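[1] A structural model of the following input is requested.
(one chain, ligands or ions: 2)
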Amino acid sequence: MRGRRALARWHHGEPRSAAIGAAAVFRRKTACWLTCDAQRCASHATDGGQVARKQSPARGRVVLIASPKGGVGKSSLCRSLLVSAARQGIRCLGVDLDPQQTLTKWHARRERVRQTYPECSEVPVLAVPLADWRAALKETGNVDLLVIDTPPSIEAQYGATLSLCAAADIVLVPTGATQDDVDSVTPWMRTLTGADIRSSFVLNRANRRVRSYEAIRTKLLQVGALCPVEIPLLEDIHVSAGKGLAVPDFVKAKAAETFDALWAYVVREAGIRVPAKAA
Ligand SMILES: Nc1ncnc2c1ncn2[C@@H]1O[C@H](COP(=O)(O)OP(=O)(O)OP(=O)(O)O)[C@@H](O)[C@H]1O
Ligand SMILES: [Mg+2]
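    Numbering: from 1, shown residues only. Ligands and ions are numbered 1, 2, ... in the order given. Okay, here's the model as predicted:
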């Protein structure tokens, strides 16, 4: 009952961290009440989701991209991961939970490009209201990978977002490298780690040459895991997105190795199965 009481306390205005910490304890001890999915519950009841990966080989993996801060690169990261996956022959689906439909509009542009260049990998995208996240998760029965893009205003639908995070194999939290970014994303990361949800910051628009770089990295590492691959400020990212493409579409792109490394990290962390011929 401790977790349920904690959730009720949170609904009645108590601090989220206290409520969620107790909820995590409850979830570890009982069947899943957040996701109604026993196999995924197992992934969060043990360190790192290894059990779930062994127990549910047939189910597609879920990579969720969520950050309370707007404009930090959520949709961009989503696009690049989807293209990396599609290029390796992985059956993937982008799920667009953002009412602004950035990912859906990108997909429409991509489909137009594919009419002229059919060799451009197909990346299906499904637009779903955040409230219907459970329906979106059912797609894991049809594809090997869901990459889910979320709106910036996750506080507005906090319960749904957190339940969705609990059902993901990994939650990626893109962030810029400024103090404002740190202020915004660290409480969110504390919430995720407090609820035992596998998660990782991804530093975007990183510039190793500036003095603040190491200080910001240290602040992020103090609260959560940090993806060892960071994304630099790159014109290619927004220029390619405007054409329905992403950097991994270009084998010879300047940053191709960065995106290959990022994809390799996500494959390992989320337990994504890569077809033998592509590995
Ligand atoms: N590393 C980068 N280098 C250059 N441009 C970038 C980079 N990352 C993102 N952008 C550009 O910045 C803009 C915002 O990025 P994006 O849409 O991915 O952020 P978001 O977090 O999804 O935003 P929102 O919160 O509004 O959904 C886009 O035009 C994108 O192309
Ligand atoms: Mg977006």
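[2] distance of the closest residue to ligand 2 within the stretch 51-200 of the chain from ligand 1?
    Closest contact between the stretch 51-200 of the chain and ligand 2, by C-beta to the ion, is at Ser75 (3.3 Å). All C-beta spots, glycine's among them, are computed from the backbone N, C-alpha and C. Going from Ser75 to ligand 1 by C-beta to the nearest ligand atom, to the nearest Å gives 3 Å.
[3] burial measure for that residue, as a count.
    Using other C-beta atoms under 10 Å, Ser75 has 24 neighbouring residues.
[4] element containing it?
    Ser75 belongs to helix 74-87 when assigned by DSSP states H and E.
[5] ok, for the residue of the stretch 51-200 of the chain closest to ligand 2, nearest residue in space, not its chain neighbours?
    Using C-beta to C-beta, 6 or more residues apart in numbering and skipping the chain neighbours, the partner closest in space to Ser75 is Thr102 (4.2 Å).
[6] was I right about the one you found contacting Thr150?
    No - taking C-beta atoms under 8 Å as the definition, Thr102 is not a contact partner of Thr150, at 10.8 Å.
[7] follow-up on the earlier one: are there helices or strands packed against the helix holding Ser75, and which ones?
    Other elements packing on helix 74-87 under the criterion 3 or more C-beta pairs under 8 Å, 6 or more residues apart in numbering; DSSP states H and E are strand 61-65, strand 92-96, helix 102-116, strand 145-149, strand 170-175, strand 199-206, helix 235-241, helix 256-270.
[8] distance between it and the chain's centre?
    Computed by C-alpha atoms, centre = their mean, to the nearest Å, the chain-centroid distance of helix 74-87 equals 11 Å.
[9] start the count at 20 instead of 1 going forward.
    Sure, I'll start numbering at 20, so the last one becomes helix 93-106.
[10] and it with strand 111-115, angle?
    160 degrees (axes from the mean of the first three to the mean of the last three C-alpha atoms, to 10 degrees).
[11] for Thr210, which of the helices and strands packed on helix 93-106 is the nearest?
    Of all the helices and strands packed on helix 93-106, it is strand 218-225 that lies closest to Thr210, at 9.4 Å by C-beta to C-beta.
[12] is that closest one positioned near ligand 1?
    Yes - on the criterion C-beta under 6 Å from any ligand atom, strand 218-225 is in touch with ligand 1 at 223-224.
[13] that strand to helix 93-106, inter-axis angle?
    Angle of strand 218-225 versus helix 93-106, following the same axes, to 10 degrees, is 100 degrees.
[14] buried ones in strand 218-225?
    Of all the residues in strand 218-225, those buried under the rule 16 or more other C-beta atoms under 10 Å are 218-225.
[15] which pair in the residues you listed spans the largest distance?
    Ser218 and Arg224 (19.9 Å).
[16] near ligand 2, which residues of the stretch 120-269 of the chain show up?
    By C-beta under 5 Å from the ion, the residues of the stretch 120-269 of the chain that approach ligand 2 are Thr121.
[17] re earlier: what residues are up against the residue of the stretch 70-219 of the chain closest to ligand 2?
    When contacts are counted by C-beta atoms under 8 Å, 6 or more residues apart in numbering, Ser94 touches 117, 121-122, 125, 168, 260.
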